[in-house]
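based on what follows, work out the 3D shape:
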Amino acid sequence: MKTTRRRYDAHFKAHVALDAIQGIKTMAELANEHHIHPGQIQAWKKHLQDEAAALFQDGRHKSGEAGRESLLEALYGKIGRLEVELDFLKKRTAAGPWRRVGP
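The predicted structure follows:
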């Protein structure tokens, strides 16, 4: 008989890991309550402890720098297009007056 693998969402994992960190219940009690192997709870607890510092890192510099670079790239592209249009119009007006074509 084949059993399907159970998947847990991030909210559930965080809740169980926080309960394990608080230490109000033993690992065996948490495992029995949530029907999860104690080793799995221990892994989630370790992952939460390892990655908790990343929640408080100041990410403004990284995302701000990337956003600034993409903005500069877009602006330089627009400047290039406007310069090409300006050169075209300068050549067009220097060649002579505008002439209407058609009826």
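
top helix in the chain by residue count?
Among the segments of the chain that qualify as a helix by DSSP state H, the longest is helix 60-95.

what mean pLDDT does that helix have?
Throughout helix 60-95, pLDDT has a mean value of 84.

how is this protein divided into domains?
7-57, 59-94 (automatic domain parsing).

could you dump the ones you listed to JSON lines with mean neighbour count and distance to Met1?
The way it works is simple: take the backbone N, C-alpha and C, and place the C-beta from them, glycine included. Shown next, in JSON lines, are those (neighbours: other Cβ atoms under 10 Å; distance: least, Cβ to Cβ, whole Å):
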{"stretch": "domain 7-57", "mean neighbour count": "13", "distance to Met1": "18"}
{"stretch": "domain 59-94", "mean neighbour count": "10", "distance to Met1": "47"}
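
chain center to stretch 73-88: distance?
31 Å (Cα atoms, centre = their mean, to the nearest Å).

I meant stretch 21-31, not that one.
On Cα atoms, centre = their mean, the centre of stretch 21-31 falls 33 Å from the chain's centre.

how close does Asp19 sit to Ile79?
56 Å (Cβ to Cβ, to the nearest Å).

whoops, I mixed them up, His35
Taking Cβ to Cβ as the measure, His35 falls 61 Å from Ile79.

same question, Leu71
13 Å.

likewise for Glu29?
Distance of Glu29 to Ile79, computed by Cβ to Cβ: 65 Å.

could you do Ala31 as well?
62 Å.

before we move on, the earlier item: from the chain's centre, how far out does the longest helix of the chain sit?
Using Cα atoms, centre = their mean, the distance between the centre of helix 60-95 and that of its chain works out at 27 Å.

other SSEs contacting that helix?
Using 3 or more Cβ pairs under 8 Å, 6 or more residues apart in numbering; DSSP states H and E, no helix or strand is in contact with helix 60-95.
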